[in-house]
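> One predicted model, sequence on top.
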Amino acid sequence: MTLKDAPNPANDNGEPAPRAAAPCVICGKPQAPKNKPFCSPRCADIDLGRWLKGSYAIPVVDDDDDEDGMVRSDEG
């Protein structure tokens, strides 16, 4: 018996067990399949607004390094 032929412990008909829906990434309510990964168009719009405002931007630390990795000094 291979893994492909092994019975599924979740049910007897060979189908995979249904996965619990993850919560909405904005408000935590159950996801709606139509609006996945959100629960509603409202939460999708909130997320889009956050993207457009730059709320999801990764902060960058500017450390006087040039593109080639050489540290430049203003003395000279």
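Yep, it's here.
> you'd agree residue 44 is in a helix?
Yes. Under DSSP: H, G, I helix; E, B strand; the rest coil, residue 44 falls within a helix.
> who touches it in this structure?
Under the criterion of C-beta atoms under 8 Å, 6 or more residues apart in numbering, the neighbours of residue 44 are 35, 38. To be clear about C-beta, it is placed using only N, CA and C from the backbone, and glycine gets the same treatment.
> cool, residue 31 as well?
Per C-beta under 8 Å, 6+ apart, neighbours of residue 31: 21-24, 37-39.
> PyMOL command to pick out the buried ones of the residues you listed?
In PyMOL, this line selects whichever of those come out buried by 16 or more other C-beta atoms under 10 Å:
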select buried, resi 24+38+39
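> tell me the two of the contacts of residue 31 that are most distant?
21 and 38 (11.6 Å; C-beta to C-beta).
> what's the burial count for the residue lying closest to residue 50 once chain neighbours are set aside?
Take residue 50 and drop its neighbours on the chain: the residue closest to it by C-beta to C-beta, 6 or more residues apart in numbering is residue 56, 6.0 Å away. By other C-beta atoms under 10 Å, the residues close to residue 56 number 9.
> can you check the one 5 residues further on too?
For residue 61, the number of neighbouring residues by other C-beta under 10 Å comes to 5.
> Give me the pLDDT for it.
Looking at residue 61, its pLDDT stands at 83.
> Also the one 5 residues further on?
Here the pLDDT value assigned to residue 66 is 58.
> Can you get me the start-to-end distance on stretch 44-62?
Stretch 44-62 stretches 33 Å from its first residue to its last (C-alpha to C-alpha, to the nearest Å).
> Would you mind measuring from residue 14 to residue 37?
Residue 14 is 28 Å from residue 37, where distance means C-beta to C-beta, to the nearest Å.
> The contacts of residue 31 into JSON lines, with extra columns for secondary structure?
JSON lines is the format used below for the contacts of residue 31 (three-state DSSP):
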{"residue": "21", "secondary structure": "coil"}
{"residue": "22", "secondary structure": "coil"}
{"residue": "23", "secondary structure": "strand"}
{"residue": "24", "secondary structure": "coil"}
{"residue": "37", "secondary structure": "coil"}
{"residue": "38", "secondary structure": "coil"}
{"residue": "39", "secondary structure": "coil"}
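> Since that was my last question, I'll sign off now.
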